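Engineer: Following is a predicted model, sequence given first.
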Protein chains: 4
Amino acid sequence: MHMTRVKAAVAGASGYAGGEVLRLLLGHPGVEIGAVTGASNAGQPLGALQPHLVPLADRVLEETTLEVLAGHDVVFLALPHGESGAIARQLGDDVVVVDCGADFRLTDEAVWQRFYGSSYAGSWPYGLPELPGQRDLLRGATRIAVPGCYPTVSTLALAPAVAAGIVEADDLVVVAASGTSGAGKAAKPHLLGSEVMGSVSAYGVGGVHRHTPEIVQNLSGLTDAEVKVSFTPLLVPMPRGILATASASTHVDAAQARAAYEKAYADEPFVHLLPEGQWPQTKSVVGSNAVHLQVTVDEAAGRLVAVGAVDNLAKGTGGAAVQCMNLALGLDESTGLSSVGLAP
Amino acid sequence: MHMTRVKAAVAGASGYAGGEVLRLLLGHPGVEIGAVTGASNAGQPLGALQPHLVPLADRVLEETTLEVLAGHDVVFLALPHGESGAIARQLGDDVVVVDCGADFRLTDEAVWQRFYGSSYAGSWPYGLPELPGQRDLLRGATRIAVPGCYPTVSTLALAPAVAAGIVEADDLVVVAASGTSGAGKAAKPHLLGSEVMGSVSAYGVGGVHRHTPEIVQNLSGLTDAEVKVSFTPLLVPMPRGILATASASTHVDAAQARAAYEKAYADEPFVHLLPEGQWPQTKSVVGSNAVHLQVTVDEAAGRLVAVGAVDNLAKGTGGAAVQCMNLALGLDESTGLSSVGLAP
Amino acid sequence: MHMTRVKAAVAGASGYAGGEVLRLLLGHPGVEIGAVTGASNAGQPLGALQPHLVPLADRVLEETTLEVLAGHDVVFLALPHGESGAIARQLGDDVVVVDCGADFRLTDEAVWQRFYGSSYAGSWPYGLPELPGQRDLLRGATRIAVPGCYPTVSTLALAPAVAAGIVEADDLVVVAASGTSGAGKAAKPHLLGSEVMGSVSAYGVGGVHRHTPEIVQNLSGLTDAEVKVSFTPLLVPMPRGILATASASTHVDAAQARAAYEKAYADEPFVHLLPEGQWPQTKSVVGSNAVHLQVTVDEAAGRLVAVGAVDNLAKGTGGAAVQCMNLALGLDESTGLSSVGLAP
Amino acid sequence: MHMTRVKAAVAGASGYAGGEVLRLLLGHPGVEIGAVTGASNAGQPLGALQPHLVPLADRVLEETTLEVLAGHDVVFLALPHGESGAIARQLGDDVVVVDCGADFRLTDEAVWQRFYGSSYAGSWPYGLPELPGQRDLLRGATRIAVPGCYPTVSTLALAPAVAAGIVEADDLVVVAASGTSGAGKAAKPHLLGSEVMGSVSAYGVGGVHRHTPEIVQNLSGLTDAEVKVSFTPLLVPMPRGILATASASTHVDAAQARAAYEKAYADEPFVHLLPEGQWPQTKSVVGSNAVHLQVTVDEAAGRLVAVGAVDNLAKGTGGAAVQCMNLALGLDESTGLSSVGLAP
């Protein structure tokens, strides 16, 4: 494996997204890990913050500055929302910048303002290569916005149906159950183990979750019809994984629905339409870049129902980031990534 | 508390539903626990099977026969589907029989056949006193069919909206996340701790889950409109609790929706509409007979979204059984029941 | 139940210990709940902080001041370590003060200094009525120090053996696995659900955990021999419960060991020595005041091994507090308490 | 990576151990996966049984027969205890046979009889290369017995202390908390998710667990002193991982203890003595072949305390199997293995 190694920095290396990028880069034959940076944790060894990353245990977190990040071929940003823009602007156009945050995902400034309420930074190529036509935009790109975790699985669960016009696009309902790592590593009382274990809760109900407009944006790109999505996220007692249950009014039958999904994902390396009758579980995709999908039609209710599972940190964040980096650098898209999950 | 005690038997005392009935009866001032019966476990002490029921540890499970069950004022049946009918027919009309199974829930024989595929036993008064008019049917009844756990919370989450005509009844979508005890105590590989911990999965997708027609039946009783429900159950990694996320097309706003729910449940002892902005979590209701609800309207998506939480074994099964027994016996409906959950 | 009700205040009502005291008092026929107080949460409704306590949802947390706490028959203190003394000194001698914190547990000032490093407040009657002779000290007491959760179960698991002189008291080893609520509700990164789910960790290893001297103190009161305890706490992924595995060198056999435990706990209402061969599990005691114990002897290793389970918040804190209040007030010791756990 | 690939079969591919071997082999550059076999599951596609192994989804399980297993360079046996011997005897001496079961671990027939009660099959080179001198015995071996999961971590946690003679070898106490996958995939009621979630339990207490003599055997090889081990396993609510807390009487101090461990494991690729003050957690090693260790001395109690963490399925079974295969084949010992865990 005599691959020339690119040098990659990870900004925000003490958080869950940054840790996952590092975990994957440690297994990537074409990447040498350069600077790792933090904010309040700068100065601490990574071993104290991410003890699972044994080979990096003695690396010390540096400050997230231009000086530290300069001189890398690739910079991964895993920062709080709103902080990516300033740094990205200072990095040269030849540096591949992959942003795991939300700053450059939305193409509509007004929508950004409504959901984030801060100044709009613009938009970058959206890192979901499985969307029709999107892969080509990512090849050779030097700025990439990694999708949100919920939008990744929600979009992939509905895209074939919306694109094929077999569902009413203004009647989409998604209920997505996520593990707690999606909420990040900042200590908040409602995310304590004592609170989340043994409990399921809903939050951000009624269209107010920030991932809602991202799902709408993705699906709107696939149809001329108006897209409306009712999106409800659930917090469930597990560290990783999202299971999205998506449905929409339809007049097709289960076989027609399945055919649309088979066609859409036939050549995708990471999207696996399960055998008929087998439904996704998050355990199968944990730690991997795989997306497991299944679809059927409830004829009595008149709805197509699709269920998708991803690891919110892997394909939902860090895996997508690496996948996009591969495309940006012209590497094989799957380099350093796996579709094998860690079960049980 | 000089209440005359009735004598109650529990058939199927080694399972989760039977155990929960016993747990609640141990705290009920008006009940003396009589026979406890099992099938393959007959002959074993309850302490070996339900070690949390310390006061009953030395009780030995008897066979589930007419002789054993005779001589009780109340008989709780917590048996596998299909076994309640034969026993109930042999018990006198003066005995209050409360069936925790599905046998007598559905009023339409054809629907029963389609979903259960066995001979139809008939229907009994349906034990959901919170449905309009239903409480009166349960007072003094001697045969009561306890609702399924999913139908309890799904129905209560949607009933005010359907009854008030503020949603399109043929466009109901319910995704309900349940703890594993809903699947019972029979050992099956997919219910092993190793399989369910760290994982969320969907099952019975596409309208095939047996609780679907029960939800449709309940809601159809509240409207002249055709009721269609897309119901998807999820298995989540916790022992107890269900969180149902229900939605439907609407033209009302959030305040109107809330008003309908406030009105519907104003006098219900166990249904708690949470303060605005506070969303249900199952942890708050575990061990209790409480139902926590919240409702809003997503105006962009045009959907009313209601979320409800119950303990599937308590209000979802054993608590409802005791609540119904109280009504049947003319006791205060809340006797021996609590709206205080066990958290954290 | 025409019991005259005493009026009880709970200081620190927004935390786990305070919440548990309230949960139990809601089911206590002899107590009326008076003031509930908080620190940074003062002014908030309890429903926002402890949503499982539905009957108290509209109660507003007051400041923890003498004025607020005055006028109650009983005051429960569930405060951070070091804060109980100042308040207790201001409360009249006729007020029963039950402290759930550590301030008054240790009888040796030097030991307090070594483990807590703050000024010593003194010691109060120690609220473990199951210790020989201790119950009498608690009857009618007006100041009671509730034991720590680990010391409760560790002490009860070893006391009969130490008291009977059938083990070498300077060779005690306890490894106790606790749910996360024992660490409290303050948000710390290592207590996040994402961190604790799917993981077991050791902490406070090497005798540095503050509960170590409390265990030593308790057992030293039962023997003239020197007591040494190697105590290691583990954090396990569940909200409630402690399972302590205790062992010590012995020359007796399993039957002799069992006889000592049977004799010691024959009349205890909450301590249950399980049938031979049945080992404790925390699930059986969750939500209850029960202690489940089992003991055997490993003859090849020459050690007596005892295992005990309690709910750290119930018998380990709030249940013990109510049990002690009952003794202080001359009520039946079990009033408002149950030995029935919530399983599964 | 132009490695010549050996062809490996996995017998018992539908269980947890077999699945883990396959998961690791999928990432091994020197192995081609040949036959996969099952018992009652023969004829089923692996995708239905191990859905996380996407690249093998269409592989059909064959019967576990000599014909099926013949023609492979390596055969992994992940079979119920007692079944490995008959198959191994039929396989040629040139085939590398790695047994994940217990059949060939114990060197003393009488001990085997006492703990397993079946006919003794003999013993093979024991697959724990981290034991002094053991690595050389595994290089080029064609029959290897993979250690039990508990013995792996218990032995490694105590070996440096026993070998250095700094603890009393007849006073060893190990309490080890394991995730549920260690109990296998056979459906048993006490392993249901409903039973294990929210609960910790002890089992096999008093020296009766079958891994006890294996620990004694391992440590006895390091000292002339008599070795006695009190071993208590705990079942904790997580799928993977073991945390072993081991202690023994000592007269050395913490620095001396640490020095012994540093020396013992300085050159081990997978054993990581954590920085002082940092204690192991299972989450850090999940999915990896790493062993995390820490040691200290409790001077008040006079005991050395060592804590170790492994993934019971990885380094505890499948990872060790691959590590041993690498040694047997003369490959780099770490090929296809990682010390990077999957967290959070």
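Structural biologist: That came through fine.
Engineer: what are the ranges of the strands in the stretch 101-250 of chain A?
Structural biologist: For the stretch 101-250 of chain A, strands defined by DSSP state E, counting those that start in this stretch occupy the ranges A:143-145, A:172-178, A:201-202, A:229-235, A:242-249.
Engineer: can you redo these as a markdown table with mean neighbour count?
Structural biologist: No exception for glycine: its C-beta is placed from N, CA and C like everyone else's. A markdown table is the format used below for the strands of the stretch 101-250 of chain A (neighbours: other CB atoms under 10 Å in any protein chain shown):
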| stretch | mean neighbour count |
| --- | --- |
| strand A:143-145 | 24 |
| strand A:172-178 | 29 |
| strand A:201-202 | 24 |
| strand A:229-235 | 27 |
| strand A:242-249 | 29 |
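Engineer: Could you identify the helix or strand that succeeds the lowest-mean-pLDDT helix or strand in chain A?
Structural biologist: When the helices and strands of chain A are scored by mean pLDDT, DSSP states H and E, helix A:84-90 comes last with a mean of 92. In the C-terminal direction, the helix or strand that comes right after helix A:84-90 (DSSP states H and E) is strand A:96-99.
Engineer: Who are the contact partners of A:Asn218?
Structural biologist: A:126, A:128, A:131, A:147, A:151, A:155, A:159 (CB atoms under 8 Å, 6 or more residues apart in numbering or on different chains).
Engineer: Could you pick out the longest helix of chain A?
Structural biologist: Determined from DSSP state H, the single longest helix within chain A is helix A:149-164.
Engineer: all helices of chain A, in order?
Structural biologist: Under DSSP H, chain A gives helices at A:16-25, A:46-49, A:66-69, A:84-90, A:109-116, A:134-138, A:149-164, A:193-196, A:212-220, A:254-265, A:319-329.
Engineer: Would you mind writing the CA trace of the second one as CSV?
Structural biologist: Extracted as CSV, the C-alpha positions of helix A:46-49 are listed here (Å, rounded to 0.1, in the frame of the first residue of the first chain):
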residue,chain,number,x,y,z
LEU,A,46,-5.5,13.3,23.7
GLY,A,47,-5.2,10.2,25.8
ALA,A,48,-7.0,12.0,28.7
LEU,A,49,-9.9,13.0,26.5
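Engineer: now the helices of chain A in TSV, with distance to D:Leu342?
Structural biologist: Below are those laid out as TSV (distance: least, CB to CB, whole Å):
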stretch	distance to D:Leu342
helix A:16-25	7
helix A:46-49	16
helix A:66-69	27
helix A:84-90	26
helix A:109-116	31
helix A:134-138	26
helix A:149-164	16
helix A:193-196	18
helix A:212-220	26
helix A:254-265	26
helix A:319-329	12
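Engineer: so which of these comes closest to C:Asp332?
Structural biologist: helix A:193-196 (31.6 Å; CB to CB).
Engineer: Give me the contact status of that closest one with chain D.
Structural biologist: No - against chain D, helix A:193-196 shows no contacts by CB under 8 Å from any CB of the partner chain, the least distance being 11.1 Å.
Engineer: Is there proximity between that helix and chain C?
Structural biologist: Yes - using CB under 8 Å from any CB, helix A:193-196 reaches chain C at A:193-196.
Engineer: Which of these sits closest to A:Ser178?
Structural biologist: Set against A:Ser178, the nearest of the residues of helix A:193-196 next to chain C by CB to CB is A:Val196 (10.9 Å).
Engineer: Residue of the stretch 201-344 of chain A nearest chain D, please.
Structural biologist: In the stretch 201-344 of chain A, the residue that lies nearest chain D is A:Gly341 (3.5 Å; CB to the nearest CB).
Engineer: Wait, that residue touches A:Gln281, no?
Structural biologist: No - contact criterion CB atoms under 8 Å: A:Gly341 and A:Gln281 do not qualify, at 9.5 Å.
Engineer: what about the residue of the stretch 201-344 of chain A closest to chain D, neighbour count?
Structural biologist: By other CB atoms under 10 Å in any protein chain shown, 28 other residues sit near A:Gly341.
Engineer: Run through the residues of the stretch 101-250 of chain A sitting next to chain C.
Structural biologist: Residues of the stretch 101-250 of chain A found near chain C (CB under 8 Å from any CB) are A:179-181, A:183, A:185-189, A:191-198, A:237-239.
Engineer: Out of those, which are close to chain B?
Structural biologist: Among those, proximity to chain B is found for A:192, A:194-195, A:197-198, A:237-239 (CB under 8 Å from any CB).
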